[in-house]
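1. Sequence plus predicted model, see below.
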Amino acid sequence: MSEAKFNPELIAPCGMNCALCKAYNAYTHGVPTKKGKVTHCAGCLPRAKNCYIIRGCPKLRKQQIQSCSQCDSIPCEKLAHLDKRYRERYGMSMVENVKMIKEKGMVEFLKSQAERHSCPNCGSVVCVHDSKCYSCGYVRNKPSA
Ligand SMILES: [Zn+2]
């Protein structure tokens, strides 16, 4: 199992692990883009994307902090909103992620991500958006909403 798949450079400020993202997997696996269906992204940090969370946070915007995990008041309203959507739709929690990074550190967090999101079939990564492993085609049963 390669550690590069669970990499601090792919952990977005909000706690999203871009390695699990559909747009990242489409990009790294060369899935053709399709308008409204398949987009490509190299990851929030590599792209330095000015996302909803960064735009909504003066501390992130002014680079006083690099990640929500460095914030004293987790979660703010914006992160809580994003978190709720992800918990309901994809069975993952940004708030849980940033709290774990804050309390246990990045190394432990990445280890838990690897345990939770590695493909049981090939050891690659199961995408959190469509529950699919882009490396071998394995499909995980959707968490019940
Ligand atoms: Zn796989």
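-> Good, I have the coordinates.

2. how about His81, what does it touch?
-> Neighbouring residues of His81 by Cβ atoms under 8 Å, 6 or more residues apart in numbering: there are none. Any C-beta I mention is one placed from the backbone N, CA and C, and that applies to glycine too.

3. Double-check that it belongs to a strand.
-> No - counting by DSSP: H, G, I helix; E, B strand; the rest coil, His81 is not found in a strand; it is helix.

4. who's in contact with the lowest-mean-pLDDT helix or strand in the chain?
-> Ranked by mean pLDDT, DSSP states H and E, the helix or strand of the chain with the weakest confidence is helix 44-47, at a mean of 91. Helix 44-47 is contacted by residues 9-14, 16, 18, 41, 51 when judged by Cβ under 8 Å, 6+ apart.

5. now with 6 Å?
-> The contact list for helix 44-47, computed with Cβ atoms under 6 Å, 6 or more residues apart in numbering, reads 9, 12, 18.

6. Kindly tell me how buried the residue nearest to the first one when sequence neighbours are not counted is, as a neighbour count.
-> Excluding its sequence neighbours, the residue lying closest to Glu9 (Cβ to Cβ, 6 or more residues apart in numbering) is Leu45, at 5.6 Å. Applying other Cβ atoms under 10 Å, we find 17 residues neighbouring Leu45.

7. Tell me the spacing between Leu45 and Thr33.
-> Leu45 is 21 Å from Thr33, where distance means Cβ to Cβ, to the nearest Å.
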